[in-house]
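S.K.: Sequence plus the predicted model coming up.
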Amino acid sequence: MDAQPGKPHPLTRADAGLAIALAGVALAVYRATLTPSLSYLSPDGNELATVPFVLGLAHSPGYPLYTWLGWLFTWLPLGDVAHRINLMSAVLGAAAAAGLYLIAARLLPASPWRRPAAALAALLLAFAPTAWSQAVIAEVYAPNLAWIALTLLALLHWEVTRRDRDFFLFALTFGLSLGTHISNLGFAPAFGLFLILTDRRTFLRPAWWLAGAAGFALGLAQFAWLPFRAETLNDRMLLARAPVTLQGIYDYTLGAFPQFKFAFPLTALPDRLVTYLDLLRQEFGPLGIAAGIAGLASLLFRRTRHYYLLVGMYLVHVWFFIQYRAFDLEVFFLPAHFLWAIFVAFGVGEALLAAQALAAALRIRLPSPGALTTIALPLAVLTSLLPLAGNWREADHSADVGVNDFYANAWEMLPEGAALLTQSGVFGYDAFYWRMVYGTRPDVLLPALPGPFPSSLDLAGRDLFSTTPIEASARARGPGALPADLVAADLWQVPWLFGARSEATVAGRGRLILYRLSAEPPDLVRQAASPSLPLNAALGGLTLLGADLGSSAVESGGRMHIVLYWRGAEAGRLTVTTSLGDIVLESHPVGLGLLDLWQAEFGPVGDRILVEDYWVVIPSTAAAGESTLAISVEPGGGLASVGRIEIIDEEEAFERWLNAAGS
């Protein structure tokens with residue numbers, strides 16, 4: 001049954017079923033492109049993949065609700081713990097798309113186009129680049145969209161019933177949503193205006209006030225959890241404002257990141273607005289912007305008080321974040337994109353109503369309203385395939401196994417009782433994850449865990465290794481760097497293991513190298529050498545005399561030992577790349593980046609032989625079979641084939657091990 005003209009449409013079982021179907025479509029796409037485990041696709045992602053398992057305290061503002069929901073997902077018997085947290089983003093991102101459909105279907109005028117327009121808007125958001133990117137990694141933004149959708153649905157439900165218990169549920173949901181992103185508090189003025197426009201008399205009822213205050217306070221009470229888990233913090237900056245006092249709780253939540261807020265002068269706001277509009281264009285394209293503008297006019301005319309609700313939420317959010325200084329600014333506008341998608345639904349619905357009116361004026365006979373809906377729904381889904389196909393390649397991170405493969409090999413290689421130096425705090429969780437979740441290699445000291453103030457005394461007598469360069473400059477070290485006096489700055493940092501570079505990252509942390517630290521110089525230059533595989537290949541001004549390979553067969557996800565012998569190492573700044581078939585395994589400066597330091601201490605290499613001795617990780621996604629191991633040098637070009645390498649999968653490797661053990 002259609003709603004009365006001018007009034008919001010009641011949701012039906014058909015709407016619920018369609019919302020579930022849309023969520024299923026989005027989830028299937030997210031599942032196919034999901035990041036397998038840890039990654040560098042977010043600056044905080046590895047922390048957010050670890051903290052829920054131990055019910056620890058995440059970086060400011062703490063994200064209690066996200067942590068608790070993540071803890072529930074860690075119990076799923078699917079993949080590893082990080083994979084399960086990634087899956088939570090996928091599930092809640094899909095739920096956000098379903099929620100968007102329900103909101104749009106609730107507000108759009110009754111017509112054959114109501115459901116198709118709402119479904120199209122939901123899928124356009126689901127497959128937009130930023131929304132999709134956040135639904136396949138461990139991050140707060142996709143879960144937050146789900147809670148924004150749930151909050152709006154609760155408010156719209158109260159609008160119909162006007163029952164105090166339903167207002168309690170809205171206030172509770174709103175309070176809880178602050179645990180996925182505290183910026184949702186900025187929606188409060190728009191909510192207040194909507195309440196006034198809906199029923200001013202409600203404000204005269206003490207029971208209504210009590211229900212709202214109780215619900216919001218109960219949702220907000222999640223932040224009382226922060227002081228009880230403050231001892232789990234291991235970040236120097238966060239410890240400085242630990243939430244153990246009332247002032248500390250404020251500094252950790254509403255007062256967090258003051259250097260990012262309102263960071264631009266008023267004269268910069270036009271440029272910042274242009275930046276936002278460009279992000280909106282990237283998300284929805286020119287047609288999506290045009291549809292959204294038309295939808296704003298339709299929303300104002302057809303749903304005036306809902307116009308003030310949604311536009312009020314939208315403007316406050318955009319106003320705040322165009323003044324926010326962050327290198328990953330695009331993700332902060334996701335709630336605004338969510339609201340814009342609702343505007344798009346109205347614009348599409350209005351265009352289709354206009355087309356229907358034109359057909360009637362031209363006396364074109366159209367099918368019945370029900371038939372029109374049945375025809376238009378699959379067309380809406382097909383239209384969403386355009387952004388789906390266009391964004392798939394960029395959004396697909398199902399092969400991003402670099403971090404996991406690297407650390408799985410690093411933990412195996414480290415000697416008994418070694419010390420592994422890593423970044424501290426939020427940026428150290430690519431290593432902390434293994435210890436905190438799985439208790440990996442308890443004999444290896446992680447100085448940055450559990451606290452960010454390691455002592456050099458703890459390192460005495462241990463073999464030293466590092467996954468982060470030892471920098472003398474405080475600027476180069478960054479917020480998660482090692483303390484300047486932990487180890488001597490003049491230690492030789494010799495690359496020992498290269499991981500396949502992680503996929504393109506917003507954090508700029510795709511490089512995976514395990515360094516051996518030593519006061520003694522490496523065996524970098526020799527008078528003579530007899531490689532087992534002579535090559536004599538001219539590459540970029542160098543001569544690759546030959547190579548030694550540890551094995552001609554290696555398991556996918558395992559590692560390969562390579563020794564290269566070069567002559568002519570003073571030919572300039574060159575980059576050596578190791579590849580296996582179409583897979584680039586690693587790239588490094590000639591001499592493993594140690595050549596300048598070695599020559600400064602020992603003089604020119606001259607006619608002597610430069611020796612590069614290192615291990616490389618073979619990605620676990622590498623297909624079984626034979627591939628060519630090749631070495632190239634840039635600039636200058638040239639490619640030298642070192643030999644054929646057999647990649648064996650895990651099952652075959654186990655069978656070979658059994659056969660070898662039996663013989």
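M.R.: The structure has been received and is ready for your questions.

S.K.: Break the protein into its domains for me.
M.R.: 13-138+183-196+258-395, 402-518, 525-662 (automatic domain parsing).

S.K.: Tell me who's in contact with residue 435.
M.R.: Residue 435 is in contact with 441-442, 446, 449, counting by Cβ atoms under 8 Å, 6 or more residues apart in numbering. C-beta: built from backbone N, CA, C; applies to glycine.

S.K.: that older thread, what's the closest of the domains of the chain to residue 150?
M.R.: Minimum separation from residue 150 across those (Cβ to Cβ) falls at domain 13-138+183-196+258-395, 6.2 Å.

S.K.: could you give the mean pLDDT of the closest one?
M.R.: For domain 13-138+183-196+258-395, the mean pLDDT works out to 94.

S.K.: Now residue 362, what are its backbone angles?
M.R.: phi -90, psi 0 (degrees, to the nearest 10).

S.K.: and the longest helix along the chain, what does it pack onto?
M.R.: What stands out as the longest helix in the chain, according to DSSP state H, is helix 269-302. Here helix 269-302 touches helix 129-134, helix 304-321, helix 329-332, helix 334-361, going by 3 or more Cβ pairs under 8 Å, 6 or more residues apart in numbering; DSSP states H and E.

S.K.: mind redoing it with 10 Å?
M.R.: When contacts are defined as 3 or more Cβ pairs under 10 Å, 6 or more residues apart in numbering; DSSP states H and E, helix 269-302 packs onto helix 81-107, helix 114-126, helix 129-134, helix 304-321, helix 329-332, helix 334-361, helix 369-395.

S.K.: So what's the residue count around residue 438?
M.R.: 12 (other Cβ atoms under 10 Å).

S.K.: quick one: contacts for residue 365?
M.R.: Residues near residue 365 by Cβ atoms under 10 Å, 6 or more residues apart in numbering: residue 359.

S.K.: so what's residue 108 up against?
M.R.: 3, 8-9, 114-118, 121, 295, 298-299, 302-303, 342, 345-346, 348-350, 353.

S.K.: let's see it at 7 Å
M.R.: Contacts for residue 108 (Cβ atoms under 7 Å, 6 or more residues apart in numbering) come out as 9, 114, 117-118, 345-346, 349.

S.K.: Put together a markdown table for these, with distance to residue 577 and neighbour count on each row.
M.R.: Formatted as a markdown table, the contacts of residue 108 follow (distance: Cβ to Cβ, whole Å; neighbours: other Cβ atoms under 10 Å):
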| residue | distance to residue 577 | neighbour count |
| --- | --- | --- |
| 9 | 59 | 20 |
| 114 | 56 | 26 |
| 117 | 50 | 30 |
| 118 | 50 | 32 |
| 345 | 48 | 33 |
| 346 | 52 | 31 |
| 349 | 53 | 29 |
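
S.K.: tell me how far the helix or strand in which residue 218 is found is from the chain's mean position?
M.R.: Using DSSP states H and E, residue 218 falls within helix 206-220. Centre-to-centre, helix 206-220 and its host chain are 34 Å apart (Cα atoms, centre = their mean, to the nearest Å).

S.K.: got it, and stretch 427-438?
M.R.: Here the centre of mass of C-alpha atoms in stretch 427-438, compared against the chain's by Cα atoms, centre = their mean, lies 17 Å away.

S.K.: averaged over its residues, what pLDDT does that stretch have?
M.R.: On average, stretch 427-438 scores 94.

S.K.: Let's see it as PDB, backbone CA atoms only.
M.R.: Extracted in PDB, the C-alpha atoms of stretch 427-438 (Å, rounded to 0.1, in the frame of the first residue of the first chain):
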ATOM      1  CA  PHE A 427      52.900   2.200  14.200                       C
ATOM      2  CA  GLY A 428      54.400  -0.900  15.900                       C
ATOM      3  CA  TYR A 429      51.400  -3.200  15.700                       C
ATOM      4  CA  ASP A 430      52.500  -4.900  12.500                       C
ATOM      5  CA  ALA A 431      55.000  -6.700  14.800                       C
ATOM      6  CA  PHE A 432      53.000  -6.500  18.100                       C
ATOM      7  CA  TYR A 433      50.100  -8.300  16.600                       C
ATOM      8  CA  TRP A 434      52.000 -11.600  16.400                       C
ATOM      9  CA  ARG A 435      53.000 -11.400  20.100                       C
ATOM     10  CA  MET A 436      49.800 -10.100  21.500                       C
ATOM     11  CA  VAL A 437      47.400 -12.300  19.500                       C
ATOM     12  CA  TYR A 438      49.400 -15.500  19.000                       C
END
